[in-house]
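> kindly generate the corresponding structure for this input.
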Amino acid sequence: MITLKEVVPAASNNIDARFILLDKGRIIMEGQNKTCLALVADETAAVHFQLWGSECDIFQPGDIILLSNGIFSYQRNNFVLRAGRRGKIEKDGEFTLNYVEIPNMSEISWTPDPNNPKKYVQGTVNSPYSRIFPPLC
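Predicted structure coming up:
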């Protein structure tokens, strides 16, 4: 299990993490596919999380989610964490997880590692917090 601050872009499903769902965006229908973007966080960082199909209805703010074999990759001009085709998410409780909203790992510009082009390293910070789900304060 890794923390959200350890998440880096990859082309394979390898992320096992536990986090709380803080907020959900509107549901988008593209043909038969339903998606919605969410803000999730743990005690180290936050990240944008892509929900698909029935996940958009099942998971609600306050739910603690356990992600198995997730992927952090580029989706519609943003890096998002998602279960992908081989991953799985399940509810693991509710309302009892410490979290922070800064840094948001989706708000970092990621660049290929000059020593290993198959890996990414953190570049500049676009915003310290989510620009899609800004803080209420």
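> correct me, but residue 60 touches residue 21?
Yes: using CB atoms under 8 Å, residue 60 makes contact with residue 21 at a distance of 6.9 Å. For every residue, glycine as well, the C-beta is placed using N, CA and C.
> neighbour count: the two, which is higher?
Set residue 60 next to residue 21 and count neighbours by other CB atoms under 10 Å: residue 21 wins out with 22 against 11.
> now that one. Nearest residue, chain neighbours left out?
Of all residues not flanking residue 21 in the chain, residue 63 sits nearest, at 4.9 Å (CB to CB, 6 or more residues apart in numbering).
> do the same with residue 90
Distances taken as CB to CB, 6+ apart place residue 66 nearest to residue 90, at 5.3 Å, with adjacent residues excluded.
> shaky segments in the protein?
Residues of the chain that meet the criterion pLDDT under 70 lie in 11-13, 76-77, 136-137.
> as a quick check, tell me the outermost residue of it.
In terms of distance from the mean C-alpha position of the chain, residue 115 ranks first, at 26.2 Å (CA atoms, centre = their mean).
> report the contact partners of the residue nearest to residue 21.
By CB atoms under 8 Å, 6 or more residues apart in numbering, residue 63 lies in contact with 20, 21, 91, 93, 94.
> give me the beta-bridge partners of it?
Note on residue 63: beta-bridge partners by DSSP bridges are residue 94.
> re the thing from before, output the contacts of residue 63 as CSV; include the columns distance to residue 56.
Output for the contacts of residue 63, formatted as CSV (distance: CB to CB, whole Å):
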residue, distance to residue 56
20, 17
21, 11
91, 14
93, 20
94, 17
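> make a ChimeraX selection of the buried ones in those.
A single ChimeraX command selects the buried members of the contacts of residue 63 (16 or more other CB atoms under 10 Å):
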select :20,21
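> nearest to residue 28, of the contacts of residue 63?
Nearest to residue 28 among the contacts of residue 63 is residue 21, at 17.3 Å by CB to CB.
> rewinding a little: closest one to residue 42 out of the contacts of residue 63, please.
The closest of these to residue 42 turns out to be residue 20 (CB to CB; 7.2 Å).
> just checking, the closest one touches residue 66?
No: counting by CB under 8 Å, residue 20 does not reach residue 66; the two are 11.1 Å apart.
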